[in-house]
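[1] below are the sequence and a predicted model for it; my questions follow.
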Amino acid sequence: MTEESQTNQDAAKAIVKTYMGWSAGAALIPMPYVDLAAITGIQVKMIADLSDQYDMPFRKSAAKTAVAALLATVIPAGFAGGAASLVKAIPGVGPILGIAAMPTFAAASTYAIGSVFTQHFESGGTLLDFDADAMREHFKAEFEAASSKSGGTRAKASS
(Lines give C-alpha, C1' and ligand atoms only; values in the text may rest on other atoms or scores of the structure.)
Protein backbone atom coordinates (compact mmCIF):
# COMPACT_ATOMS: atom_id res chain seq x y z
CA MET A 1 0.00 0.00 0.00
CA THR A 2 1.38 3.40 -0.93
CA GLU A 3 1.69 6.25 1.54
CA GLU A 4 -0.88 8.25 -0.45
CA SER A 5 -3.33 5.35 -0.34
CA GLN A 6 -2.89 5.00 3.44
CA THR A 7 -3.39 8.75 3.88
CA ASN A 8 -6.56 8.63 1.78
CA GLN A 9 -7.89 5.64 3.75
CA ASP A 10 -7.20 7.33 7.09
CA ALA A 11 -8.91 10.52 5.92
CA ALA A 12 -11.84 8.50 4.52
CA LYS A 13 -12.29 6.72 7.87
CA ALA A 14 -12.40 10.08 9.64
CA ILE A 15 -14.94 11.40 7.13
CA VAL A 16 -17.17 8.34 7.54
CA LYS A 17 -16.95 8.49 11.34
CA THR A 18 -17.97 12.17 11.33
CA TYR A 19 -20.97 11.53 9.09
CA MET A 20 -22.04 8.50 11.15
CA GLY A 21 -22.44 10.86 14.08
CA TRP A 22 -24.33 13.41 12.04
CA SER A 23 -26.70 10.79 10.63
CA ALA A 24 -27.37 9.28 14.07
CA GLY A 25 -28.17 12.79 15.28
CA ALA A 26 -30.49 13.42 12.33
CA ALA A 27 -32.31 10.21 13.24
CA LEU A 28 -33.46 11.95 16.42
CA ILE A 29 -35.57 14.42 14.44
CA PRO A 30 -39.05 13.71 15.83
CA MET A 31 -40.96 14.16 12.56
CA PRO A 32 -41.56 11.03 10.46
CA TYR A 33 -39.78 11.01 7.10
CA VAL A 34 -38.09 14.35 7.77
CA ASP A 35 -35.46 12.30 9.59
CA LEU A 36 -35.01 10.03 6.55
CA ALA A 37 -34.61 13.02 4.24
CA ALA A 38 -31.98 14.51 6.56
CA ILE A 39 -30.10 11.21 6.83
CA THR A 40 -30.06 10.79 3.04
CA GLY A 41 -28.79 14.35 2.62
CA ILE A 42 -26.01 13.68 5.12
CA GLN A 43 -25.03 10.49 3.29
CA VAL A 44 -24.91 12.32 -0.05
CA LYS A 45 -22.71 15.03 1.53
CA MET A 46 -20.42 12.29 2.88
CA ILE A 47 -20.03 10.90 -0.65
CA ALA A 48 -19.19 14.43 -1.84
CA ASP A 49 -16.45 14.69 0.79
CA LEU A 50 -15.11 11.23 -0.06
CA SER A 51 -15.11 12.22 -3.75
CA ASP A 52 -13.07 15.31 -2.86
CA GLN A 53 -10.65 13.22 -0.78
CA TYR A 54 -9.99 10.93 -3.75
CA ASP A 55 -10.06 13.76 -6.34
CA MET A 56 -13.06 12.22 -8.07
CA PRO A 57 -15.79 14.18 -9.85
CA PHE A 58 -19.03 14.49 -7.88
CA ARG A 59 -22.58 14.58 -9.20
CA LYS A 60 -25.33 14.99 -6.62
CA SER A 61 -27.91 13.13 -8.71
CA ALA A 62 -25.59 10.12 -9.12
CA ALA A 63 -24.88 10.10 -5.37
CA LYS A 64 -28.61 10.21 -4.53
CA THR A 65 -29.27 7.32 -6.92
CA ALA A 66 -26.43 5.28 -5.41
CA VAL A 67 -27.64 5.91 -1.84
CA ALA A 68 -31.20 4.90 -2.74
CA ALA A 69 -30.02 1.74 -4.50
CA LEU A 70 -27.81 0.69 -1.60
CA LEU A 71 -30.44 1.43 1.05
CA ALA A 72 -32.94 -0.66 -0.89
CA THR A 73 -30.66 -3.59 -0.06
CA VAL A 74 -31.37 -3.27 3.66
CA ILE A 75 -34.88 -1.83 3.60
CA PRO A 76 -37.12 -4.55 2.18
CA ALA A 77 -39.81 -2.81 0.15
CA GLY A 78 -39.07 0.46 1.95
CA PHE A 79 -40.29 -0.94 5.24
CA ALA A 80 -37.70 -1.13 8.02
CA GLY A 81 -36.17 2.34 8.12
CA GLY A 82 -39.43 3.94 7.03
CA ALA A 83 -41.35 2.05 9.69
CA ALA A 84 -38.93 3.19 12.38
CA SER A 85 -39.42 6.73 11.13
CA LEU A 86 -43.21 6.43 10.88
CA VAL A 87 -43.53 4.93 14.37
CA LYS A 88 -42.54 8.38 15.69
CA ALA A 89 -46.06 9.54 14.78
CA ILE A 90 -47.70 7.23 17.34
CA PRO A 91 -48.84 9.42 20.24
CA GLY A 92 -47.01 8.84 23.50
CA VAL A 93 -44.64 5.93 22.89
CA GLY A 94 -43.94 6.58 19.21
CA PRO A 95 -41.11 9.08 19.64
CA ILE A 96 -39.41 6.82 22.19
CA LEU A 97 -39.62 3.75 19.94
CA GLY A 98 -38.46 5.69 16.88
CA ILE A 99 -35.57 7.21 18.76
CA ALA A 100 -34.50 3.73 19.88
CA ALA A 101 -34.33 2.29 16.34
CA MET A 102 -33.41 5.09 13.96
CA PRO A 103 -29.96 6.15 15.20
CA THR A 104 -28.62 2.60 14.85
CA PHE A 105 -30.07 2.27 11.36
CA ALA A 106 -28.74 5.70 10.36
CA ALA A 107 -25.21 5.14 11.68
CA ALA A 108 -24.95 1.60 10.28
CA SER A 109 -26.20 2.57 6.82
CA THR A 110 -23.90 5.61 6.74
CA TYR A 111 -20.93 3.47 7.75
CA ALA A 112 -21.75 0.89 5.07
CA ILE A 113 -22.18 3.52 2.34
CA GLY A 114 -18.91 5.16 3.36
CA SER A 115 -17.10 1.83 3.38
CA VAL A 116 -18.42 0.88 -0.06
CA PHE A 117 -17.45 4.21 -1.60
CA THR A 118 -14.03 4.20 0.05
CA GLN A 119 -13.32 0.78 -1.46
CA HIS A 120 -14.70 1.88 -4.84
CA PHE A 121 -12.59 5.05 -4.93
CA GLU A 122 -9.50 3.17 -3.67
CA SER A 123 -9.81 0.80 -6.63
CA GLY A 124 -9.90 3.73 -9.07
CA GLY A 125 -13.66 3.86 -9.57
CA THR A 126 -15.65 7.06 -9.90
CA LEU A 127 -19.14 8.01 -8.88
CA LEU A 128 -20.19 7.83 -12.51
CA ASP A 129 -19.11 4.19 -12.93
CA PHE A 130 -20.45 3.05 -9.55
CA ASP A 131 -22.49 -0.16 -9.87
CA ALA A 132 -24.75 -0.60 -6.84
CA ASP A 133 -25.73 -4.12 -7.90
CA ALA A 134 -22.09 -5.22 -7.85
CA MET A 135 -21.61 -3.70 -4.38
CA ARG A 136 -24.79 -5.03 -2.71
CA GLU A 137 -23.15 -7.97 -0.91
CA HIS A 138 -20.31 -5.81 0.37
CA PHE A 139 -22.83 -3.18 1.50
CA LYS A 140 -24.97 -5.80 3.31
CA ALA A 141 -21.93 -7.21 5.10
CA GLU A 142 -20.74 -3.76 6.21
CA PHE A 143 -24.26 -2.76 7.30
CA GLU A 144 -24.75 -5.92 9.35
CA ALA A 145 -21.30 -5.60 10.94
CA ALA A 146 -21.97 -1.98 11.92
CA SER A 147 -25.47 -2.85 13.17
CA SER A 148 -24.18 -5.61 15.42
CA LYS A 149 -21.43 -3.37 16.82
CA SER A 150 -23.97 -0.72 17.78
CA GLY A 151 -26.47 -3.05 19.41
CA GLY A 152 -28.32 -4.28 16.34
CA THR A 153 -31.26 -2.93 14.42
CA ARG A 154 -34.49 -4.29 13.09
CA ALA A 155 -33.43 -3.34 9.57
CA LYS A 156 -31.52 -6.49 8.69
CA ALA A 157 -30.31 -7.01 5.17
CA SER A 158 -32.67 -9.09 3.11
CA SER A 159 -31.26 -12.15 1.40
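    It's in. Residues are numbered from 1 along each chain as shown.

[2] any stretches of this protein with poor pLDDT?
    Filtered on pLDDT under 70, the chain yields the residue ranges 76-100, 150-159.

[3] what do you get if the cut-off is 50, keeping everything else the same?
    Low-confidence segments of the chain, defined by pLDDT under 50: 77-80, 152-159.

[4] ok, now which ones touch the residue nearest the centre of the chain?
    With distances taken as Cα atoms, centre = their mean, the residue of the chain nearest its centroid is T110 (2.4 Å). Applying Cβ atoms under 8 Å, 6 or more residues apart in numbering, we find T110 in contact with 16, 19-20, 22-24, 39, 42-43, 46. Glycine gets a C-beta too; all of them are placed from N, C-alpha and C.

[5] just name the closest of those residues to F58, please.
    Of all these, F58 sits closest to M46, with 11.2 Å by Cβ to Cβ.

[6] measure that closest one to A14 for me?
    According to Cβ to Cβ, to the nearest Å, M46 and A14 sit 11 Å apart.

[7] these two - which one has more neighbours?
    Neighbour count, other Cβ atoms under 10 Å: between M46 and A14, M46 has more, with 25 against 12.

[8] how much space between the more buried one and M31?
    In this view, M46 and M31 are 22 Å apart by Cβ to Cβ.

[9] quick one: the strands in the protein, in order.
    Remark: no strands are assigned in the chain by DSSP state E.

[10] could you point out the longest helix of it?
    What stands out as the longest helix in the chain, according to DSSP state H, is helix 94-122.

[11] ok, which stretches of the chain are helices?
    Using DSSP H, the helices of the chain run over 3-26, 34-53, 60-74, 80-86, 94-122, 132-149.

[12] which of these sits most buried?
    Most buried of these, by mean neighbour count (mean count of other Cβ atoms under 10 Å): helix 94-122, with a mean of 22.
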